[in-house]
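In: okay, here's the prediction I keep looking at, along with the sequence it came from:
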Amino acid sequence: MKIIPIGMVVCLVAVLTACGSAGGASSGTTGAPASGTSGTSAARAATELTSCGLPLRVTAPPRRAVSMEQNATEIMLTLGLADRMVGTAYRTDPVLDELRSDYDKVPVLAAQYPGREALLAATPDFVYSMRASAYAPDAGGTRKDLAALGVPAYLSSNDCEDRALIPAAVSFDAVFAEIGDIAKIFDVEERGRKVVDDLCRRLEAARTAAGTAGKVKLMWYYSGTKTPAIAGRGGLPDTIGTFLGAGNAFSDITQQWAEGDWETIAERDPDVIVLADLTRGGDGDSAEAKKAFLRSDPVASKLTAVRNDRFIVVPGSSMDPSIRSVSAVEQVGRGLRDLDG
């Protein structure tokens with residue numbers, strides 16, 4: 001688990017730019033527009049990007065793509081690209097309901113990352129990941145090595161191999177522009193614009209609907225029991241809270257995620273605890289496991305939020321920048337309204 005900061009977004013200003021230009025390049029990438037008619041079989045020029053510091057050239061819309069992890073998979077499926085995919089991998093949560101039927105059509109290459117041999121056995125003509133670890137030598141292989149084999153490999157700007165290339169604060173614009181990059185690569189730019197426009201509308205609607213319900217102090221609890229992983233400043237959870245008008249009980253922690261201790265948490269006594277619901281089966285991973293621990297631990301059980309059942313549950317993958325980022329805003333906003341209703 002690693003969260004890259006997504007900066008505060010104002011739909012009417014910053015996000016509106018992404019809404020109107022979903023075919024543009026994402027933060028950390030640059031690209032020349034493709035020629036031809038988007039979404040058609042008309043011939044077009046190669047798409048050329050710089051992805052996390054490496055040149056990426058796609059000579060034609062891919063027909064045999066592999067997505068290396070769930071967030072990349074869900075962006076591709078949302079763009080209607082299931083029939084262009086020959087593999088997916090590393091599912092961490094149940095796939096979004098609206099994407100399930102398309103997901104079931106795509107071969108699963110590995111429970112986690114496929115190794116280089118398994119990846120190449122699928123004969124991909126494009127590889128996509130939002131996680132740099134997918135391109136480790138002991139995973140799918142480095143992007144340079146894949147490029148040398150004629151397989152362009154895209155990496156999200158929120159997790160470049162060279163940490164110096166990762167923006168200090170990535171906005172929702174970057175997520176939306178990445179959707180635009182993938183849409184451009186596959187020559188489905190009109191679909192990309194529609195997806196981003198819908199996400200923008202939902203984002204602004206979620207903030208409007210939240211109203212003043214967010215004037216509370218949140219603790220974001222990802223995993224663990226004795227040593228809980230909690231959100232500090234700058235990551236997606238912090239941004240979601242700020243976007244909805246809520247505070248972060250641990251905004252003084254400069255790390256996006258940090259190991260907490262229950263005595264300090266008790267001193268902060270958050271109003272609401274947002275629980276990541278993880279399906280991997282580790283200690284304190286599921287939301288129910290977290291609740292059981294919180295209610296039984298002699299220190300945690302005395303927290304105001306625990307005593308008053310002030311919990312909000314979101315899928316663990318929603319705490320990473322992805323197509324689910326807007327869903328996380330909606331879920332937390334709705335949860336705050338319900339708790340204060």
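Out: Received, thanks.

In: show me what secondary structure element comes after the longest helix belonging to the chain.
Out: Identified as the longest helix of the chain according to DSSP state H is helix 189-210. Per DSSP states H and E, the first helix or strand lying C-terminal to helix 189-210 is strand 217-223.

In: where does the chain dip in pLDDT?
Out: For the chain, the stretches flagged by pLDDT under 70 are 1-43, 169-170, 212-214, 341.

In: switch the cut-off to 50
Out: 1-18, 20-21, 23-41 (pLDDT under 50).

In: can you dump the C-alpha coordinates of stretch 222-238 into CSV?
Out: Only the C-alpha atoms of stretch 222-238 are listed here, as CSV (Å, rounded to 0.1, in the frame of the first residue of the first chain):
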residue,chain,number,x,y,z
TYR,A,222,-5.7,1.4,6.6
SER,A,223,-4.4,-1.8,8.2
GLY,A,224,-2.8,-3.4,11.2
THR,A,225,-4.0,-3.7,14.8
LYS,A,226,-1.1,-3.3,17.4
THR,A,227,0.6,-0.9,15.0
PRO,A,228,-2.1,0.7,12.8
ALA,A,229,-1.3,2.3,9.5
ILE,A,230,-2.9,5.8,9.6
ALA,A,231,-3.0,8.6,7.1
GLY,A,232,-0.9,11.7,7.6
ARG,A,233,-0.7,14.8,5.4
GLY,A,234,-0.7,14.9,1.6
GLY,A,235,-2.1,11.6,0.5
LEU,A,236,-5.5,10.9,-1.1
PRO,A,237,-7.3,10.5,2.3
ASP,A,238,-6.1,13.8,3.5
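
In: buried residues in it?
Out: Within stretch 222-238, the residues scored as buried using 16 or more other Cβ atoms under 10 Å are 222-225, 228-238. The C-beta positions use only the backbone N, C-alpha and C, and glycine is treated the same way.

In: which ones among these lie within helices?
Out: Using DSSP H, the subset of those located in helices is L236, P237, D238.

In: for the second one, list the residues it contacts.
Out: So the one you mean is P237. Neighbouring residues of P237 by Cβ atoms under 8 Å, 6 or more residues apart in numbering: I3, L218, W220, A231, N248, V274, M319.

In: how about a cut-off of 7 Å?
Out: W220, A231, V274, M319 (Cβ atoms under 7 Å, 6 or more residues apart in numbering).

In: distance of I185 relative to L96?
Out: Relative to L96, I185 is positioned 22 Å away (Cβ to Cβ, to the nearest Å).

In: just to revisit the earlier point, from the contacts of P237, which is closest to V66?
Out: The nearest member of these to V66, counting by Cβ to Cβ, is M319 at 24.5 Å.

In: returning to that earlier point: pull the most distant pair out of the buried residues of stretch 222-238.
Out: T225 and G234 (24.8 Å).

In: and the helices in this protein?
Out: Under DSSP H, the chain gives helices at 16-20, 70-78, 100-103, 116-121, 143-148, 172-185, 189-210, 236-243, 262-268, 287-296, 304-307, 325-340.

In: can you put those in JSON lines and add distance to R84?
Out: Listed next are the helices of the chain as JSON lines, based on distance: least, Cβ to Cβ, whole Å:
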{"stretch": "helix 16-20", "distance to R84": "24"}
{"stretch": "helix 70-78", "distance to R84": "8"}
{"stretch": "helix 100-103", "distance to R84": "11"}
{"stretch": "helix 116-121", "distance to R84": "16"}
{"stretch": "helix 143-148", "distance to R84": "18"}
{"stretch": "helix 172-185", "distance to R84": "10"}
{"stretch": "helix 189-210", "distance to R84": "12"}
{"stretch": "helix 236-243", "distance to R84": "28"}
{"stretch": "helix 262-268", "distance to R84": "46"}
{"stretch": "helix 287-296", "distance to R84": "34"}
{"stretch": "helix 304-307", "distance to R84": "45"}
{"stretch": "helix 325-340", "distance to R84": "24"}
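
In: quick one: closest of the ones you listed to P315.
Out: helix 325-340 (8.1 Å).

In: which strands and helices sit next to the closest one?
Out: Applying 3 or more Cβ pairs under 7 Å, 6 or more residues apart in numbering; DSSP states H and E, we find helix 325-340 packed against helix 189-210, helix 236-243, strand 272-277, strand 311-315.

In: please redo it, this time with the cut-off set to 8 Å
Out: Applying 3 or more Cβ pairs under 8 Å, 6 or more residues apart in numbering; DSSP states H and E, one finds that helix 325-340 makes contact with helix 172-185, helix 189-210, helix 236-243, strand 272-277, strand 311-315.

In: cool, thanks, signing off.
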